[in-house]
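# what's the 3D shape of this:
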Amino acid sequence: MPKVTIDGTEIEVPGGITVLQACEMAGKEIPRFCYHERLSIAGNCRMCLVEVSPGPPKPAASCALPVGEGMEIKTDSEMVRKARNGVMEFLLINHPLDCPICDQGGECDLQDQAMAYGHDHSRFEENKRAVKDKHMGPLVKTIMTRCIHCTRCVRFATEIAGVPELGMLGRGEHAEITTYLEKSLDSELSANVIDLCPVGALTSKPYAFVSRPWELAKTESIDVMDAIGSAIRVDSRQTEVLRVLPRLNEDVNEEWIGDKTRYAVDGLARQRLDRPYLRVDGKLQETSWQDAFAAIAEKVKATKGERIAAIAGDQCDAEAMIALKDLMSALGSPHIDCRQDGAKLPTEPRAAYVMNSTIAGLETADAVLLVGTNLRWEAPLINTRLRKAWLQGGLQAAAIGPDVDLTYPVDYLGAGPDTLSAVADGSNAFAEVLKNAERPAIIIGMGALARADGAAILATARKIADDYSLVKDGWNGFNVLHTAAARVGGIDLGFTPDAGGRDVEGILAGASNGDIDIVYLLAADEIDTARLGDTFVVYQGHHGDAGAHRADVILPGSAYTEKSGTYVNTEGRVQLARQAAQPPGDAREDWAIIRALSDAVGGGLSFSTLGDVRARLVEANPIFDKINDIEPWPWSAFGEPGTMSSEPLESPVENYYMTCPISRASETMAECSREFVAGGDERTGTDG
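Numbering: from 1, shown residues only. The predicted structure is shown next:
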């Protein structure tokens with residue numbers, strides 16, 4: 001390890017790092033615009049200049065200079081200060097005075113560094129240049145006159161998102177960042193360029209002129225738009241959620257989030273359920289909590305427990321599910337399920353229904369088989385991990401099911417389970433790849449498991465894991481990819497049918513033929529409500545979506561930003577979401593509604609605080625006491641070998657931008673859907 005001297009202090013640093021990184025290890029702050037830890041080095045802005053000896057008698061760009069033994073680095077000499085002041089003066093020559101009306105104000109790197117290195121006047125007397133704004137789609141607003149050509153957006157699109165649609169054209173004063181064909185930036189991660197932009201050239205189009213950062217209350221929380229569990233910051237003003245930004249979490253989302261996570265939140269203000277409703281003479285009418293509970297209690301007390309059922313939705317918190325599970329148990333009902341899509345997932349061992357490699361661990365895989373999944377739409381941030389594995393280590397990837405562009409080379413093996421059988425028996429060439437790989441992995445999506453033959457597909461995948469050493473000391477390459485934020489937590493706490501109980505398909509069949517008299521839908525909107533027949537339906541949720549339209553009683557609940565809740569992501573990581581805003585009107589937290597209802601129906605739930613409910617969660621499964629913890633799970637027998645249909649495996653996500661009641665209520669997501677999906681898409685093969 002080389003020894004270098006930084007501002008008079010000798011420090012030992014790892015070999016191969018840059019001078020900028022060495023200075024940061026020594027606690028020195030180096031200004032920069034173009035350098036970013038997760039992107040390749042460009043050396044464009046020259047703001048990170050330092051004085052280095054031995055070397056030429058001029059400032060050196062620290063971001064592009066490797067450290068060497070015996071280097072003496074000065075970060076605050078007269079030469080460095082003069083050079084940085086000069087660079088800042090050049091940057092501001094053409095930069096417009098937009099600060100009063102720029103959405104980046106208060107969060108702008110250029111503002112901050114101009115305070116430290118800028119002058120109070122300019123020696124430039126010519127007219128500033130003006131650059132035509134570019135169209136980058138419905139999410140990214142461009143004011144390209146502000147651009148300082150750091151190329152962070154270009155490098156992100158090319159390296160991380162894998163869509164090389166941005167670039168810099170021209171030279172000198174005529175240089176411009178543009179989309180080559182003047183088209184929308186077609187990526188599920190496109191809006192991350194807004195966070196990367198160090199000036200106000202790329203800002204949020206839906207958020208334009210909405211608020212200033214110092215007006216917002218900032219709450220650290222967890223995303224529930226998919227099962228990744230991305231770390232987010234929810235910014236709200238009074239009772240309204242205005243924006244969602246990513247938080248750093250190296251184990252899950254690094255510092256990126258998907259566009260749906262960021263922009264679907266405008267759906268929180270639309271089509272909301274803010275008071276109880278009761279169906280009278282075929283029409284839903286506003287009512288009080290007491291009357292709604294009384295109507296439910298009258299029906300429940302006249303119905304045997306075995307004729308009552310409950311289904312939990314995809315965005316339910318664990319607190320609400322354990323409360324409903326205990327209520328159903330008290331009423332004598334074994335018919336509960338959290339698998340809205342009918343996924344054939346076992347309830348044990350835990351290794352059979354989580355992503356055992358972990359999200360970060362997938363970066364180290366050298367071969368991966370994707371089964372029944374479109375990662376770009378189901379889990380875009382897991383897709384970026386596999387792209388990184390391909391860029392850094394030459395990952396060999398193959399897919400069975402949807403034939404889509406995943407931004408890295410994928411060997412398409414076939415559409416149906418027949419191909420999976422061929423891999424399992426070794427007759428497919430990719431079997432040899434898995435056999436010879438050091439860290440092979442398989443990722444099974446809900447497109448494979450949410451079918452009638454899902455259990456047989458799972459058993460075949462387990463056979464591949466056993467036969468090709470996907471599970472060995474220090475590595476478990478067997479992975480289930482969930483699409484629902486509530487799914488793993490629901491299975492963990494046992495929100496699945498008891499002995500003799502019905503699953504979702506059985507509940508719907510029973511409702512159709514009259515065997516089930518009452519169905520309790522806990523924010524469950526992704527089922528076929530037409531199959532509920534004449535059943536008495538209680539819907540508890542936050543949006544007027546499919547479940548509410550069919551309900552006989554509506555109990556208004558809270559969305560994920562309006563309550564403190566526990567979620568378990570697809571890798572089995574227990575995470576806490578925190579309340580950022582108050583629910584509208586008479587809406588209440590879901591566990592509190594169920595607790596109050598239990599008094600009316602004689603359910604006997606005893607907890608009265610959130611702490612009590614969480615203690616009950618830990619009692620149901622100790623895993624809920626291990627917040628943000630991941631541990632290897634024992635590998636044991638699971639799966640039911642059987643006959644697999646030859647029907648093609650398809651992704652359960654038909655439209656990335658509309659997958660839940662919140663995103664379906666979002667105007668921004670509707671615009672993205674029209675732009676990227678409605679007209680058909682070569683990447684997905686969909687037609688709307």
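
# after the longest helix along the chain comes which helix or strand?
Identified as the longest helix of the chain according to DSSP state H is helix 78-93. Note on helix 78-93: by DSSP states H and E, the next helix or strand toward the C-terminus is helix 109-117.

# That next one - contacts with which helices or strands?
Helix 109-117 sits against helix 78-93, with contacts defined as 3 or more C-beta pairs under 8 Å, 6 or more residues apart in numbering; DSSP states H and E. Backbone N, C-alpha and C define where each C-beta goes, glycine included.

# Kindly format the C-alpha coordinates of the helix it packs on as CSV.
The C-alpha trace of helix 78-93 is given here as CSV (Å, rounded to 0.1, in the frame of the first residue of the first chain):
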residue,chain,number,x,y,z
GLU,A,78,-2.4,29.2,-3.3
MET,A,79,-2.1,27.4,-6.7
VAL,A,80,-5.1,25.2,-5.9
ARG,A,81,-7.3,28.0,-4.7
LYS,A,82,-6.5,30.2,-7.7
ALA,A,83,-7.1,27.2,-10.1
ARG,A,84,-10.5,26.4,-8.5
ASN,A,85,-11.6,30.0,-8.6
GLY,A,86,-10.7,30.2,-12.3
VAL,A,87,-12.6,27.0,-13.1
MET,A,88,-15.7,28.4,-11.3
GLU,A,89,-15.4,31.6,-13.2
PHE,A,90,-15.3,29.7,-16.5
LEU,A,91,-18.3,27.6,-15.4
LEU,A,92,-20.4,30.7,-14.6
ILE,A,93,-19.5,32.6,-17.8
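
# could you give the mean pLDDT of it?
When pLDDT is averaged along helix 78-93, the result is 94.

# tell me the angle it makes with helix 109-117.
Relative orientation of helix 78-93 and helix 109-117, computed by axes from the mean of the first three to the mean of the last three C-alpha atoms, to 10 degrees: 140 degrees.

# circling back: quick one: list the elements packing against the longest helix of the chain.
Packed on helix 78-93, when contacts are counted by 3+ C-beta pairs under 8 Å, 6+ apart, are strand 49-53, helix 109-117.

# Buried ones in the longest one, by neighbour count?
Of the residues in helix 109-117, those buried by neighbour count under the rule 16 or more other C-beta atoms under 10 Å are Asp109, Leu110, Gln111, Gln113, Ala114, Tyr117.

# Would you map the helices across the stretch 401-550 of the chain?
Assigned by DSSP state H, counting those that start in this stretch, the stretch 401-550 of the chain shows helices spanning 417-424, 430-436, 446-449, 454-467, 487-492, 504-513, 546-550.

# repeat for the stretch 101-250 of the chain
According to DSSP H, counting those that start in this stretch, the helices that the stretch 101-250 of the chain contains are 109-117, 152-155, 192-196.

# chain center to the longest one, what's the gap?
Counting by C-alpha atoms, centre = their mean, to the nearest Å, helix 109-117 is centred 32 Å from the centre of its parent chain.

# what's in contact with stretch 126-139?
Residues outside stretch 126-139 that contact it (C-beta atoms under 8 Å, 6 or more residues apart in numbering) are 93-96, 142-145, 147, 173, 176-179, 182-186, 190-191, 202, 204-206, 259, 262-263, 668, 671-672, 675-676.

# redo that, cut-off 7 Å
Stretch 126-139 is contacted from outside by 94, 96, 142-145, 147, 173, 176, 178-179, 182, 184-185, 190-191, 205-206, 259, 263, 668, 671-672, 675, using C-beta atoms under 7 Å, 6 or more residues apart in numbering.

# Select, out of the helices of the stretch 101-250 of the chain, the one closest to Asp528.
Among these, the nearest to Asp528 by C-beta to C-beta is helix 192-196 (36.1 Å).

# tell me the mean pLDDT over the closest one?
So the average pLDDT for helix 192-196 ends up being 97.

# what do you get for stretch 518-537?
Rounded mean pLDDT across stretch 518-537 is 96.

# Kindly provide the distance from Thr496 to Gly490.
7 Å (C-beta to C-beta, to the nearest Å).

# Look at those two and report which has more neighbours.
Gly490 (28 against 18; other C-beta atoms under 10 Å).

# which non-adjacent residue is nearest the more buried one?
Leaving aside its sequence neighbours, Gly490 sits nearest to Cys338 (C-beta to C-beta, 6 or more residues apart in numbering; 3.0 Å).

# Number of residues surrounding the one you found?
31.

# Identify the residues contacting it.
So Cys338 contacts Ala312, Met321, Ala486, Arg487, Gly490, Ile491, Phe495, Thr496 (C-beta under 7 Å, 6+ apart).

# From these, list the buried ones, please.
Buried members of the contacts of Cys338, counted by 16+ other C-beta under 10 Å: Ala312, Met321, Ala486, Arg487, Gly490, Ile491, Phe495, Thr496.

# Greatest separation within the residues you listed: which pair is it?
Farthest pair in the buried ones among the contacts of Cys338 (C-beta to C-beta) is Ala486 and Thr496. Separation: 12.4 Å.

# about what we covered before: is it possible to export the helices and strands packed on helix 78-93 to a markdown table including distance to Ile623?
Formatted as a markdown table, the helices and strands packed on helix 78-93 follow (distance: least, C-beta to C-beta, whole Å):
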| stretch | distance to Ile623 |
| --- | --- |
| strand 49-53 | 49 |
| helix 109-117 | 41 |
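
# Quick check: which of those is nearest to Glu438?
Nearest to Glu438, of all the helices and strands packed on helix 78-93, is strand 49-53, at 40.2 Å by C-beta to C-beta.

# Now the closest one - C-alpha only, PDB.
The C-alpha trace of strand 49-53 is given here as PDB (Å, rounded to 0.1, in the frame of the first residue of the first chain):
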ATOM      1  CA  LEU A  49      -7.700  20.300  -9.000                       C
ATOM      2  CA  VAL A  50      -5.000  19.700  -6.500                       C
ATOM      3  CA  GLU A  51      -1.200  20.300  -6.400                       C
ATOM      4  CA  VAL A  52       0.900  17.200  -6.700                       C
ATOM      5  CA  SER A  53       4.600  16.700  -6.400                       C
END
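
# by how many degrees do it and helix 78-93 diverge?
Computed by the same axes, to 10 degrees, the angle between strand 49-53 and helix 78-93 is 150 degrees.

# Thanks a lot, catch you later.
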